Structure formats: structure tokens, C-alpha cells
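[1] Output the structure for:
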Amino acid sequence: MESYLNDNFGEVKAKNSSEEALQRWRKLCWLVKNPKRRFRFTANLSKRFEVRAIQRSNQEKLRVAVLVSQAALQFIHGIAYKIPEDVKDAGFDICAEELGSIVEGHNKKKLKLHDGVDGIASKLATSVTDGISTSEQLLNKRRKIYGVNQFTESPAKGYWIYVWEALQDMTLMILAFCALVSLIVGITMEGWPKGAQDGLGIVASILLVVFVTATSDYKQSLQFKDLDKEKKKITVQVTRNGFRQKMSIYDLLPGDIVHLAIGDQVPADGLFVSGFSLLIDESSLTGESEPINVCLENPFLLSGTKVQDGSCKMLITTVGMRTQWGKLMATLSEGGDDETPLQVKLNGVATIIGKIGLFFAVITFAVLVQGLFSHKMQEGSHWSWSGDDALVILEYFAIAVTIVVVAVPEGLPLAVTLSLAFAMKKMMNDKALVRHLAACETMGSATNICSDKTGTLTTNHMTVVKVCICGQIKEGGVSIKSSAFSDGVPDFALKMLIESIFNNTGGDIVKNADKNIEILGTPTETALLEFGLLLGGDFQAARKASKLVKVEPFNSEKKRMGVVLELPGRHFRVHCKGASEIVLGACDKFINSEGEIVPLDRKTFNHLSTTIENFANEALRTLCLVYKDLGSEFPAESSIPFDGYTCIGIVGIKDPVRPGVKESVAICRSAGITVRMVTGDNINTAKAIARECGILTDGIAIEGPDFRMKNEAELHELIPKIQVMARSSPLDKHTLVRHLRTTFQEVVAVTGDGTNDAPALHEADIGLAMGISGTEVAKESADVIILDDNFSTIVTVAKWGRSVYINIQKFVQFQLTVNVVALVVNFSSACLTGEAPLTAVQLLWVNMIMDTLGALALATEPPNDELMKRAPVGRKGNFISNVMWRNIFGQSLYQFIVIWYLQTAGKVAFHLDGPDSDLILNTLIFNSFVFCQAFNEISSREMEKINVFEGILKNYVFVAVLSCTVIFQIIIVEYLGTYANTCPLSLEQWFASIVFGFLSMPIAAAVKLIPVGSS
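    Residues are numbered from 1 along each chain as shown. Sure, this is the predicted structure:
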């Protein structure tokens, strides 16, 4: 079966599956009872084609708009813009439609007509420095005129829609038709109410199945809805009322001033106000991969595009459904998530077993009808057919249809969704937000984790604790006194240090709404700015003393950041900071202890290099701060030079290891998961932290540049030994992940937070983005977002992934056992005795036990610590393992023997005679069969362990489902006999049924002792 599944249903991958593969498996699943339900959690391919059509249309529109604008074909001179009355009354001078036509149409002529960006800001009643007023009355006016930044979503389905969809089941419809015919014929023949009992029994069973199914599906949909809300939580930095604050993108309004940095998503259409080196990736909107340079000459920013490089301040002009991104998102949200490999495989299992079940159902019906015909032939009444005979044939047909109901395990693929929805909800509480369903199950097979250092293995709460300045090493820390630090440090060196810290930064120091000082930026920037303030520096004064001419933001390729300042007297100076050994290599001068700029000789260079090494060995993150005077000329379009610098100093930043990381790494090791550290930091810092975490043991640490130089053969030998990669570029990370996945067939999870990590996150089997430090680009490329940036949370995700995988295996084992037994019992009985012991109503009840209720009980088992003591499944493991086949056949054989014994020797064993003996025996068979399933459900909690009761009381869902099954079984047998074809049993018969069921547990335990191969 496994090879058939791999050949026909194995093309769908956990991510990046081709649309041909997604379409192919759908075509193979032709035997589907309820397509609406079966394919509910699969991708809507038609909607995806629509999205691509919109992208192509956007690309064409933008191309035409730019050409038209460049050719200056829009002769607007002399045409005055008329302000609509309602806009004027609200206090604005431009309407939403006009704003939309300017930005979306890249219409420079219209922009000029409205006096440029400043004119638009004035007409929107906003300030490019202070933003809009936060008065609720004014905000409401703005919302009324321009709308809100939210996208139209398809309304959530109500409960009754799920009931209606559950009724779409083809087999249930046929059974409902059978019930209707049974009612008509029965009432005609025997009158009301006696003639209606069989029909009403089937109707009641159908309704019970429908309502239980609909309730389960509806609850799942609510869980997905909650997760969707979490996925859409995106915040940006906004200036309102003169104060900088974090705000949800859905609260933005036209007139807002938004601050964007590398990796951010443009939250709405707008105009560039100011910024540096801004490159925008418009591929999500237009499909065009070439980044666009946005500046004052081309100031148009479109919603949904990404900041690939640089930073800027933008003015929001158009929001929500008035933007092209809004229209695209409305369609994209209906495209759905890709189906997961397990869902597809289990659809395959359902199809195979469904075909077998259909074959057996047809044979069973033929055998039963032939038996009736033979009986009538013997009586000589084969030419006279009564209403009773019609009812008997109808009952046979209902049994055949119900065999299909039981045989097609429609619940298998849906159990995956149920288990994943349950796990995703629980993982959300454990600080992991799953963006793609498949990541949940793939994480259970993970064999490698490539983790960042900063913020994942460490706390990301950074402090400058040591500084090397003018050849002296000074202690830092939050308790530093300015006078103590500056003692012995020349004023010039201190002045340059403060100038460098406050100007060469991606952070900011602002006053928040409470008038308190707040430091914004990455943890590294925050640590430096905090250090600058502790030295007595004035951030605003330092910024006003010079003019920022050019910024090259930090990126993990260059490993440095640089700014060019224009000082009074038209003198230009460049400040640079970054990876210590790289930036120090660009220096040829330094500031000595006298405050003089002197050449950097070999002795001093070696002293500074040793200082960097010593800082790194103390697990400090090191940065080198340097500057260079450029003279009186610097063309803004030229790049910042990287040579001839003067070294100001080296700072050592402490970033402690997170509590619990060492233990989590040890858990991974015992679980057969290899943890590797991949960081952009200095190799000595990386090794010190890796040893502290327990990552670097008997393997090797390598630097990115050395790794890049290796050929394929060397990489093949080297990669299994690598435990730490330092000074790595995003390309190194991508190469490592690609080799692990393809050459070594590992299942790889990768963490990332920066924009440049997106390729590696995309390439990995599971991309894990950081929720706090991660950029929007990284989060969008990821499969799971680690909300607390903590490595221990990644281990929790792995544990839940394993739990999902094993829970689904348990459920499949349980359901296939019921399938096999129900099929064989009804088929063999029909062939040998001419009648089926389990009626349509009874089979529907069994179907519900094994399908919806079974999935609830077994697919929602919470994870335990034992899961992390077994080896991972990896890429090549069979889903339906030999262990499962052993358990299925062992349990099926026992149950079949029990039922066959009852059928052949039950009357003698229980001294049954009289007119009701057949009914009592069939009730006894039905009761024993159900109790066998109840006890088998308990045995299925563990596939290999003998003790199946461990932790059973902690799983409230399991206990509740089992209790309901037993209670309802008692009600069916004792009180609903008229409708379910049962009769009340004696205490002795009840005891026997329970004993038969209970004996399946020691049998299951004995079967588990039979050794089988692992694959």
C-alpha cells in the first residue's frame, strides 16, 4: 500500500507543491462520499488562478501608467480639481478617488498639480513631522471619508451551513431515500407506528451522524478563524500627534505618517516623504521580481509590497479595498492553504479502501438477494412478490450502502485536519503560531534544526559591558557613571564616539505619549543608544549638529552600516560600524590615548584584534566603530567608501543565553535531532555561546567565507560534522540547508529573522521566523512564527509535530481495524448465512464511533515527554508502518473470531431459543462488536507500549468520548430496540459482551510483543 500511495499520492510536498501535483491527486480520488466536506481544507485552485490574473493585470496597469506618465500624455494644465462637498465639509481638500488615481496610476502630473507630497499632506490635514491628530472625532471623520485599512473577507459560515454540508454525503442521501421508501411501504403494509419503525430508525441515525459531524466541523472552523486573526497581526511604527508609536496596520488612515525599515511590508498605498536607499519589491502585487528604487522623483508606494533595502518615512493616501492589494487579498484569502502530505496520503488510503468496500458491498447485496430468491424458489413462491419482500430487498440495499458508509473512511483525511487544528490551537498557547498546516506534521519528522544565535539561543536583551577606546579597556553596563568612563579618555575620542552612536544608527530616541523617553530599534541599536545616553550624550542635539546625506542600512551580506553626514561649513564625514574584524580591516588610523589621530601600526592592530578575540571568548558580541573625513565633496548617488577609516573604538555587547536552552538542546539530542548554530557573529563569540548551550561538543565550527570555498566533495564530508557556522551570509545558510535536504535527505527546520533569511526559510522543510525580532518578509516566508523568539518553543513545536503524526497513526490503526472487521463480518455472514448480523442503523452508529468520535478521542491526544526519546521519522519513514499492520491484523483477527464464534455457537452457548433468539443473538453480536471497538480505542493510545492507561485521565476529550460511547450504547440496546433492531440483554449477556471487548486488550498487548521490522 505504501508504494502505491507514494507513486500516486506522494507528489504533494509539505510546501511548494506544483499545481499539477495538487490537481492530480484530486482526480485519483473519484470515490468520495461528500466532496464539500472531504475537500474543505484543501487549496481552492481556481481562486489562485484569479490571483495570478489580477497580478498580471496590475503589472500591465503599472507599466502603462509609468509609460503614460513618462510620455507626459496627460495634459492636466488648466484643469482644476473640484473638491466634493462632503470632503470639504469634513475639513479635507482631496477625495479618496483622486488620491487613488495619483498613487495607483503613478501620476506625477496630478501630484504636481496638488503641489507634490507636501501639498497632498496639507490637503489631508496632516503634518509630515507630527502626523494626524488623535482626536476621536477627527479620526471618525477621516474614516467616513477615506475608509479603513481592512480587506473584505468572505463571511464566516454559520453552524447550519455545516449541517447542510454534512447532509451532502451521497451515501447518507441514498440511505435517506431508503428510509423514505421503507416508511411508505411499512406504513402501507403495517400501519402507523409499527410500519414506520425501521424507516424512522435510519432517519434518526442519519440525523445523529449529521449533527455530530457538523458540530465537530464547526468547532474546527472556529479554531482556524482564531488562528487566521493571529496571522494577520502586523504592527508598524507610526507618528501621530507628534509621538512615535506601534500600531496595527488595520488602524491606519490616510494622513498617517509611517516609518518603514528593511523587511517591512508597505501597509497601504502612499507617498515617499523622506528616506535613504529605498528599494521596493513589488513581486507580491505585480509578479515582477526586479526591485524598484523609490525616492522623491518616484515617490509612489503600493500596499502589500516589501522593503528590500533602505528605510523611509511615508504618507498614507489610500487604504483597504481602494488599493489593488486589498482587492488581491480578498481573492487570495479564498485560495486556502495547500493540503498537507498526510491529508493527501490518507485521501489515497480512503480511496483504496473505498474501492474494496464498494466491491464487497455490491457482492454482499448480490449474495443477499440471491439468498432471498433461493428461499422463495424452495417455497415455490418466486412468482409472487409482496410488500414484505420489497422491504427485505430494501433492507439488503440499505446494508450494502451502509457497508460503503463504513468502508470508505472519509474521516481519515479529516482526522488530520482535526488533529492539526487542535495542535495549532494548543501551540498558539505555547507561543508558536503555525502559518501553514503542513508545518505541524513536518515538524514531527524533523532531523535537523539550524538555529540563529541572537535572540533565539540568547535573550536579545543587550547591554554594552566593555569598550576598548584609545587603547584602554573600559567597563560598561547600566550602572556606568559618565565621569568614571570618561576618566582618561580624551574629549575628542568621546565626542566622536557619541557622534558615531547617535548618527550611525537604525534606531531612534523618542518621547512617547506619556512624555517618557523611549528607545526604538533592534536590540543591538538599543544597547548602543542606551550606552550613548549613559555617556551623557544628547541624541536630538547630536542629530541637529549635522545633516544626514546618505544611509546604507545594515545587512547580513556586508555585515556593516554606514552614514554620510554633512557638518557645518559643508564638510562631509562618514561613520561606519559592523563586524569588528571586517570593519577594523578597513582602518589605517586610530585615536590614541592623547586624542591624536595616528597611523594604525602592526602592534596596535594586533592589540585591537586580540581585544576583539578576548571579548568574543567572553561570549560578547563585538562591534567596531570607525569614521572617515571626506572633505567638501560627496555626490549623494555614489556609494559609501570602505577604506582609509580611523578606528574610534570596539564595543562588547552582552547578550546572555536564554534560561532553559541547554536543557532544550539536550532534549533535541535525545530525540535524534541535530542542532546547528548558524550566526553572522564572530566565530569566538559563536563558539563560546554554542559550548554554553551544549551545541558545540565533538563537531567543528567554521566561518562562512571558508565554507564558501569548499567544493562539492569537501562539503559532503564536512557538513555532517558542522555544529557552528559563524560569520555566515544568508547564501551560506541557504547552501547548508539545501545540501542537508537534498544530499543527506534530512528534514530541516531553519530559524530566521531578517529579510535576507527569506530564501533559507523558503528552502527549508520548516521555516521558523522570529515573532519579536523578525521582519514581515521573514514571517511571510516562514511556516511557523516563534512568538517569543525562544529556542525552547522550537522544541515544543517539534514535540507537537511528533504528537500530531503519532496521533493520526493511532487513529488510522483504530479506523482500519473497524473497517476490516465490519467488512469481513457482514460480507462473510451474507455469503454463509444469507443475512447480515449488523443492520444499517447499527453500522451507522459504528461508523460514528470510529469516524468523528474516534478522531476526537485519538487525534487530540496531548504530547508527552516520551515522544522526545524516540528517533525522528525522517524523510523516508512509511506512514502506515509494520507495527500498525501488525496491530491491525492481530486485533481484526481476534474480533472476527469472537463474532464468528457468536454467530455459529452463540445460541448454544447462551441457551437461546424461542422466537426472539435471532434478535437477541444479533444484539449480542452488535454489543460485543461495539465494546471491542471501545476497548480497542484504549489499546490504540499506544502502538508499541503495553501500558495504555498512562495519562488517560489527563485527556478529558478521550474520557468524555469513551463515556458517551458506552452510555449511548446502553441506551440503544436497552431503550431504542424498536428503531435499532436490538432487544434488552440480560446481565449475563452484558457481562459477556464487556468481557469479549475487554479481552481485546490483553490480545493487543500480546500482539505488541511480536517483533516486526521498522519500515
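[2] Now residue 102: closest residue in space that isn't a chain neighbour?
    residue 110 (4.8 Å; CB to CB, 6 or more residues apart in numbering). Where C-beta positions appear, they are placed from N, C-alpha and C, glycine not excepted.
[3] brain fart, residue 990
    Once its chain neighbours are removed from consideration, residue 990 has its nearest residue in residue 927; the separation is 7.4 Å (CB to CB, 6+ apart).
[4] sorry, back to before: just list what the host helix or strand of the residue nearest to residue 102 packs against, helices and strands only.
    Using DSSP states H and E, the element containing residue 110 is helix 108-113. Taking 3 or more CB pairs under 8 Å, 6 or more residues apart in numbering; DSSP states H and E as the contact definition, the neighbouring helices and strands of helix 108-113 are helix 96-104.
[5] Please list the residues outside the helix it packs on that contact it.
    For helix 96-104, the external contacting residues (CB atoms under 8 Å, 6 or more residues apart in numbering) are 61, 65, 81, 107, 110-111, 114, 120, 124, 145-147, 254, 269-271, 300-302, 317-318, 322-324.
[6] What about the residue nearest to residue 990, how many residues nearby?
    Residue 927 is flanked by 25 other residues according to other CB atoms under 10 Å.
[7] Using neighbour counts, pick out the buried residues of the helix or strand that contains it.
    Using DSSP H and E, residue 927 sits within helix 917-939. Residues of helix 917-939 classed as buried: 920-939 (neighbour count, 16 or more other CB atoms under 10 Å).
[8] Now do the residue nearest to residue 102 against residue 104, distance only.
    Between residue 110 and residue 104 the distance, using CB to CB, to the nearest Å, works out to 11 Å.
[9] I figured residue 559 was touching residue 727, is that so?
    Yes - contact between residue 559 and residue 727 holds when scored by CB atoms under 8 Å: they sit 7.4 Å apart.
[10] So for those two, which residues contact both of them?
    Residues touching both residue 559 and residue 727 comprise 579, 680, with contact defined as CB under 8 Å, 6+ apart.
[11] Those two - which one has more neighbours?
    Between residue 559 and residue 727, counted using other CB under 10 Å, the more crowded position is residue 727 (22 against 18).
[12] The residue nearest to residue 472 when sequence neighbours are not counted: neighbour count?
    Spatial nearest neighbour of residue 472, chain neighbours left out: residue 488 (6.3 Å); criterion: CB to CB, 6+ apart. Neighbour count of residue 488, defined by other CB under 10 Å: 11.
[13] Buried residues, stretch 500-519. List them.
    By neighbour count, with 16+ other CB under 10 Å as the criterion, the buried positions of stretch 500-519 are 500-510, 519.
[14] chain center to that stretch, what's the gap?
    If you compare the mean C-alpha spot of stretch 500-519 with that of the full chain, they lie 34 Å apart, counting by CA atoms, centre = their mean, to the nearest Å.
[15] Dump the C-alpha coordinates for it into PDB.
    What follows is the C-alpha trace of stretch 500-519 in PDB, where atoms were taken according to Å, rounded to 0.1, in the frame of the first residue of the first chain:
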ATOM      1  CA  SER A 500      29.000  57.800  15.800                       C
ATOM      2  CA  ILE A 501      26.500  56.200  18.200                       C
ATOM      3  CA  PHE A 502      23.700  58.800  17.700                       C
ATOM      4  CA  ASN A 503      24.100  59.300  13.900                       C
ATOM      5  CA  ASN A 504      25.100  55.900  12.600                       C
ATOM      6  CA  THR A 505      22.000  54.100  13.900                       C
ATOM      7  CA  GLY A 506      18.900  52.500  12.600                       C
ATOM      8  CA  GLY A 507      17.200  53.200  15.900                       C
ATOM      9  CA  ASP A 508      15.600  56.300  17.400                       C
ATOM     10  CA  ILE A 509      15.100  58.000  20.800                       C
ATOM     11  CA  VAL A 510      11.600  59.500  21.000                       C
ATOM     12  CA  LYS A 511       9.200  60.700  23.600                       C
ATOM     13  CA  ASN A 512       6.100  58.500  23.800                       C
ATOM     14  CA  ALA A 513       2.500  59.700  24.600                       C
ATOM     15  CA  ASP A 514       3.300  59.600  28.400                       C
ATOM     16  CA  LYS A 515       6.200  62.000  27.800                       C
ATOM     17  CA  ASN A 516       8.800  59.300  28.700                       C
ATOM     18  CA  ILE A 517      11.900  58.700  26.700                       C
ATOM     19  CA  GLU A 518      11.700  55.500  24.600                       C
ATOM     20  CA  ILE A 519      14.500  53.900  22.600                       C
END
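[16] Excluding its own residues, what touches that stretch? List them.
    When contacts are taken as CB under 8 Å, 6+ apart, the neighbours of stretch 500-519 outside the stretch itself are 241, 243-245, 261, 311, 520-522, 525-526, 528-533, 537, 539-540, 542-543, 546, 548, 553-554, 561-563, 565, 575-577, 625-627, 648.
[17] If any of the residues you listed are buried, give me the PyMOL selection for them.
    The following PyMOL selection, which keeps only the buried ones among the contacts of stretch 500-519, applies the criterion 16+ other CB under 10 Å:
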select buried, resi 243+244+245+261+311+520+521+522+525+526+528+529+530+531+532+533+537+539+542+543+546+553+554+561+562+563+565+575+576+577+625+626+627+648
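[18] Identify those among the contacts of stretch 500-519 that sit within strands.
    243-245, 311, 520, 548, 553-554, 561-563, 565, 575-577, 625-627, 648 (DSSP state E).
[19] Mind listing what's buried along the helix or strand hosting residue 424?
    With elements delineated by DSSP H and E, residue 424 resides in helix 411-429, which encompasses its position. Neighbour-count burial for helix 411-429, with 16+ other CB under 10 Å as criterion, is recorded at 411-428.
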